[in-house]
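*Asks:* Give me coordinates for this.
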Amino acid sequence: VALEEFEQLPPKVKYTLLQRAQEAWYGESRIKAVQAKDDMCAFVNVQLETFLRHIRTNKEIEKTKRSMAEEVARPTGGGIKEGDVYTPPSWLRPAGGATAP
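*Replies:* I've put the predicted structure just below:
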């Protein structure tokens, strides 16, 4: 996914993609580390690359988590506000049909 497209995605989709990318990178890093076991310089480069990816990805994941939390906390307008009169559903009303106490 291109960066511009990624930025437009909903937070939950971003989070899922970042988690999958992180898992894939860990697997890739393990394979590279095993391949570089005899070359210390290559092994160190794999370790550094993994560390930097981990830090960048975790920052994005945390930013995405905050976005998801803000999205959940944002009122949707369907809640009860002060001054609203509660009208129970018909099956909860007394047999006489009165709606308000």
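*Asks:* separation between the closest residue to residue 35 other than its chain neighbours and residue 89?
*Replies:* Among residues not flanking residue 35 along the chain, residue 42 sits closest, at 7.9 Å (CB to CB, 6 or more residues apart in numbering). C-betas here are computed from N, CA, C, even on glycine. Counting by CB to CB, to the nearest Å, the gap from residue 42 to residue 89 is 68 Å.
*Asks:* out of those two, which sits in the more crowded spot?
*Replies:* For the pair residue 42 and residue 89, the greater number of neighbours falls to residue 42 (14 against 6), based on other CB atoms under 10 Å.
*Asks:* I'd like the distance from the more buried one to residue 34, if you could.
*Replies:* For residue 42, the distance to residue 34 under the criterion CB to CB works out to 11 Å.
*Asks:* Over to residue 94?
*Replies:* Taken as CB to CB, the spacing of residue 94 relative to residue 34 amounts to 74 Å.
*Asks:* cool, residue 50 as well?
*Replies:* In terms of CB to CB, residue 50 sits 13 Å off from residue 34.
*Asks:* Between the two, which has more neighbouring residues?
*Replies:* Between residue 50 and residue 34, counted using other CB under 10 Å, the more crowded position is residue 50 (17 against 10).
*Asks:* what's the longest helix seen in the chain packed up against?
*Replies:* In the chain, taking DSSP state H as the definition, the longest helix is helix 40-73. When contacts are defined as 3 or more CB pairs under 8 Å, 6 or more residues apart in numbering; DSSP states H and E, helix 40-73 packs onto helix 11-35.
*Asks:* Report the angle between the helix it packs on and helix 40-73.
*Replies:* Here the directions of helix 11-35 and helix 40-73 differ by 170 degrees (axes from the mean of the first three to the mean of the last three CA atoms, to 10 degrees).
*Asks:* what residue ranges in the protein are flagged as low confidence?
*Replies:* Applying pLDDT under 70 to the predicted model, the residue ranges of the chain that meet it are 75-81, 96-101.
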